[in-house]
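> I would like the atomic coordinates for the input below:
(one chain, ligands or ions: 1)
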Amino acid sequence: MTLRVLYTGIRRHLRVYMGFTAVPVRYYEIIPKAYRPYRKTGERNYGSRLGKQNVGYVEPVRERILSLAKTIPFTDKHSVFSIADYGAADGSTAMAIFRELLATLKDHHGPDTQFQVTYEDLEMNDFNSLFKRMSGIIPDPPSYLLEMDNVYVLASGTNFYKQCVPSNSIHFMMSMTSVHWLSRTPTTFKYSIYKDAQSSAEETTALNTQAELDWETFLLSRSTELKRGGLLVVGVPAECQDRTTGENRYTLYSFVGLLNEIWKEYSESGKISRDEFVNTNMSTYWRTMKEVRKPFDERRSPVSRSGLTLLSSETAVIPDVFYNDWKEKKDKEGIDDREEFARMYTSAHRNWGNSTFMNGLSNSRSLEETEQVVDALYSEVKKRIVKMHPEIFKDDLKFIYIVIRKE
Ligand SMILES: C[S@@+](CC[C@H](N)C(=O)[O-])C[C@H]1O[C@@H](n2cnc3c(N)ncnc32)[C@H](O)[C@@H]1O
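Numbers count the residues shown, from 1 in each chain. Next comes the predicted model:
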C-alpha cells in the first residue's frame, strides 16, 4: 500500500468515525530530491569532506559581517537577537563565523542578551550531524554552544524558495554557496549535464529564466523575514569571464566538465541509456555579477520596492584547498601525491553531485544497480584526476558576495 493510499484511508476513517469535516490537506506531489546529502546522515560526511573547502568561503566578508552586525538595530535588550543560516548543511562551515558573530554581539549588547540561531536547509538535509555537532558529540569544529550561555539553536527543514520563519523576525541572515541550487530543473540538456557551448538557445533561456525567478523569490522571502535594519549576506557561486581567454568559466568548471565527459562516454558505450543521459541535469546556476545585482539596480523591481538595499557587491577568488594541500606536500616534503589530491577532491565534491546522477538514472534500475553506476562514475573521475596535473585541473573558486540591508 502506498503512503498516499494509506493517508487517504486514515482521512476517510477520521471523517466517518470522528465526525471531522473535510479539511483541505496539502501533500508533496513530488518529493524534492535534487540535492540530497551523500552517504548516511549523522556521520559528519559533509563537514569532514566538502566542509574543508567551504569553510573558507565566508572569509572575504568576515570582517564586514562582524563590523556591520553591530549596526543592526537592537534596542530592547530583553528581546531576542535572531540569526539564521540558509542552506546550512550540517552547520560545520558556519560554526566559526557564528562563534565570532555571537561573541561580537554579546560584547556589544551585553552578556545577558539572548540569541536564537536558526539553521535552515531542505527536509532531507543532515540535521542529525548538525545537532550532534552543536552538542559536541561530533567535536570538530568545536561548538560555540559549549562555551556560550543564552544561545538557543533551532533547525528549519523547509525550502528557502518559500518563507521559512515568521515575518519581520530575523536580525542577521546569511547564505553561503547555496543559492546556485534552483527550485526545480527547468530544462533537460540534450548534450550535457549543465549548459555548455552545445546547448540550444531554448535550453539556455529556460535555465536563465528559472535562475532569475528563483533569485527574486529567494530575496523577497528573506525580505519578508528580515527586521528593519537587518542584514542579509549572500555568497553566490559565480560565472566570470576569463581575462586571458575570454572564455566564460564558473566555479568548479573543470570538475563539472569531467563529470559531463565521462557520463557522455557512458551513454555512448551503452552503460547508461541516451534517455538517462538527457535526464541527468544539474539543477544549478552560476550567476554573473550583472544577474546578481539586477534586482537591486532596477529601482522599481519588486526586490527594491520590498525595502532591500545593496550595501556592497564584490567578487573574490577562493583558494582551492585540495590543490594547496597537494602543493604544500610537494614543496615541503618533495612528495607529488596526486592520488591523495584526486581522492580528496572527488570525495569532497561527490557530496553535492551524487544525487544529480542518482536522479538521472531510470526508475527501472534497482537501487543497488543505480548506486553501482554512480560509484563507477566517481571512481573513474578519481582515476582521471590522478592522471592530470593538479596545476591544470585545479579550479579558481569564483564567488560574488553581496551585503544587503532591509530599510
Ligand atoms: C554546497 S551546500 C552549502 C552548505 C553551507 N552553506 C556551506 O557553505 O558549506 C548547499 C546547501 O544548500 C541546500 N539547499 C539547496 N537547495 C535548497 C533549498 N531550496 N532550500 C534550502 N536549502 C537548499 C542543500 O541542501 C545544501 O545543504
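
> tell me the phi and psi of I392?
Dihedral angles of I392 (phi, psi; degrees, to the nearest 10) stand at phi -90, psi -40.

> Quick one: residues contacting the residue most central in space within the chain.
For the chain, the residue nearest the mean C-alpha position is S178 (2.5 Å; Cα atoms, centre = their mean). Counting by Cβ atoms under 8 Å, 6 or more residues apart in numbering, S178 makes contact with Y86, G87, F160. C-beta here means a position set from N, CA and C on the backbone, and glycine is covered the same way.

> What about the ligand: which of the residues you listed touch it?
Residues of the contacts of S178 in contact with the ligand (Cβ under 6 Å from any ligand atom): G87, F160.

> Would you confirm that R384 contacts I262?
Yes - counting by Cβ atoms under 8 Å, R384 touches I262, with 7.3 Å between them.

> More neighbours: those two, which one.
The neighbour count for R384 versus I262, taken as other Cβ atoms under 10 Å, is higher for I262 (18 against 14).

> Just say helix, strand or coil for the residue of the stretch 251-400 of the chain found nearest the ligand.
Per Cβ to the nearest ligand atom, W352 is where the stretch 251-400 of the chain lies closest to the ligand, at 5.0 Å. For W352, the assignment made with DSSP: H, G, I helix; E, B strand; the rest coil gives helix.

> okay, now D331: neighbour count?
9.

> so how many other residues sit close to the nearest residue to P37 once chain neighbours are set aside?
Ranked by Cβ to Cβ, 6 or more residues apart in numbering and with sequence neighbours excluded, the top spatial neighbour of P37 is D126, at 4.6 Å. Here the number of neighbours of D126 (other Cβ under 10 Å) works out to 27.

> And for the one 3 residues further on?
Per other Cβ under 10 Å, the neighbour tally for S129 reads 25.

> Could you list the low-confidence segments of this protein?
1-33 (pLDDT under 70).

> Get me the contact residues on it for the ligand.
Close to the ligand, as judged by Cβ under 6 Å from any ligand atom, the chain has residues 35, 54, 57, 87-89, 93, 121-122, 125, 159-161, 176-178, 181, 183, 352.

> ok, the residue of the stretch 251-400 of the chain closest to the ligand - contacts?
Y35, Y38, L50.

> Show me which of those is closest to the ligand.
Distance to the ligand, by Cβ to the nearest ligand atom, is smallest for Y35 among the contacts of W352, at 4.3 Å.

> The closest one is in contact with L182, isn't it?
No - applying Cβ under 8 Å, one finds Y35 not in contact with L182, separated by 9.9 Å.

> So in the protein, which helix runs the longest?
helix 201-225 (DSSP state H).

> in that one, what's buried?
Within helix 201-225, the residues that count as buried by 16 or more other Cβ atoms under 10 Å are 203, 206-208, 210-211, 214-225.

> How about stretch 184-204?
T185, P186, T187, F189, S192, I193, Y194, K195, S199, E203.

> Equivalent analysis for stretch 162-175, please.
When burial is assessed from 16+ other Cβ under 10 Å, stretch 162-175 yields the following buried residues: C164, V165, S169, I170, H171, F172, M173, M174, S175.

> same question, stretch 69-77
For stretch 69-77, by 16+ other Cβ under 10 Å, it's A69, I72, F74.

> so what does the helix or strand hosting A155 touch, helix or strand wise?
Using DSSP states H and E, A155 sits within strand 151-158. Where contact means 3 or more Cβ pairs under 8 Å, 6 or more residues apart in numbering; DSSP states H and E, strand 151-158 is packed against strand 114-122, helix 127-135.

> again, 10 Å this time
strand 80-86, helix 95-109, strand 114-122, helix 127-135 (3 or more Cβ pairs under 10 Å, 6 or more residues apart in numbering; DSSP states H and E).

> Which residues does it contact?
By Cβ atoms under 10 Å, 6 or more residues apart in numbering, the residues outside strand 151-158 that reach it are 80-86, 88, 91, 98-99, 102, 106, 113-125, 127, 130-131, 134-135, 143-145, 164-165.

> Filter those residues down to the buried ones.
For those, a burial check counting by 16+ other Cβ under 10 Å picks out 81-86, 88, 91, 98-99, 102, 106, 113, 115-122, 124-125, 127, 130-131, 134, 143-145, 164-165.

> looking at it, K327 is touching K394, isn't it?
Yes - using Cβ atoms under 10 Å, K327 is in contact with K394, at 9.0 Å.

> Mutual contacts of the two, please.
Contacts common to K327 and K394, judged by Cβ under 10 Å, 6+ apart, are D320, F341.

> This completes my enquiry, with thanks.
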